[in-house]
Every structure is written in C-alpha cells, then in structure tokens.
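Enquirer: Got a sequence here, can you build the structure:
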Amino acid sequence: MTRIQECFIENLKKERKKSGYSQERLAELIGCSPKYISALEIGKRFPSLDTLQKLIDVFNIEPYQLFRESSHQVKSVDIESIREFETFLAQDMPQYIKEAIKRFLSH
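Expert: Reported below is the predicted structural model:
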C-alpha cells in the first residue's frame, strides 16, 4: 500500500466519523454501496475522480484534506539532535535565544 493510500484511508475514516456518518449513510450520499465504502476504508479499492469529488462535496472539504498526512504519520523530530545543536550553539548565544529554545524543547 502506498503512502497516499494510507493517508486517504485515514482521512476518509476521520472525515466520515467527524461528519457523523455511518458507512451506510455515506454510501447513500455519494451513490454507492456500503461494501464499497468499507473497501475504500480498508484499502481494497481506491476511488475514481468522480467519487473523490462526491466525497469532497459531502464532507465540504478541500481536495488536499483527503490526502494530507496527519501529525502522527509525519516522522517525529529527533529531540536528541536538537538538544545537541542547542548545546553547540549555547556557548555564544544571547540569553533570550537560549530561553526560547528551552521553552520549545519543553513542549
């Protein structure tokens, strides 16, 4: 399965649940079977452009929203590398910059 398919599956489920639709209701709204919605959500099928447009219209979202990566899909920042960089820069760095970095790292 490709990354774009994984993103689509996650976002389709998220948008459907956020809208309060069951698979059956979403199928009615876009003119397909509930089995087709299920197949989309488990990655057995991928929608046509026409179906994508219907989903976008039903959810009232922008097209990219079905394909963007969520925060947990994006690779995490290597905090240890940032801390090493902070230590490296801290020798000659003004105090206000040091404090800003510490606040950033504490979140």
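Enquirer: For the chain, name the helix or strand with the lowest mean pLDDT.
Expert: helix 79-90 (a mean of 66; mean pLDDT, DSSP states H and E).
Enquirer: Please, where are all the helices along this structure?
Expert: 3-19, 23-30, 34-41, 49-59, 79-90, 95-106 (DSSP state H).
Enquirer: And the average pLDDT for the last one is what?
Expert: Okay, so that is helix 95-106. Average pLDDT, helix 95-106: 70.
Enquirer: just the first one next, same as before
Expert: Summarised as a single mean, pLDDT over helix 3-19 is 94.
Enquirer: Now do it: everything it contacts.
Expert: For helix 3-19, the external contacting residues (Cβ atoms under 8 Å, 6 or more residues apart in numbering) are 23, 26, 37, 40-43, 46, 55, 58-59, 61, 65-70, 73. For glycine as for every other residue, the C-beta is placed from the backbone atoms N, C-alpha and C.
Enquirer: can you list the domain ranges for this protein.
Expert: Listed domain ranges for the chain are 3-66, 76-107 (source: automatic domain parsing).
Enquirer: Out of those, which one sits most buried?
Expert: domain 3-66 (a mean of 15; mean count of other Cβ atoms under 10 Å).
Enquirer: Kindly check the end-to-end length of that domain for me.
Expert: Domain 3-66 stretches 12 Å from its first residue to its last (Cα to Cα, to the nearest Å).
Enquirer: any idea how far the closest residue to F67 other than its chain neighbours is from K35?
Expert: Distances taken as Cβ to Cβ, 6 or more residues apart in numbering place C7 nearest to F67, at 5.2 Å, with adjacent residues excluded. Taken as Cβ to Cβ, to the nearest Å, the spacing of C7 relative to K35 amounts to 22 Å.
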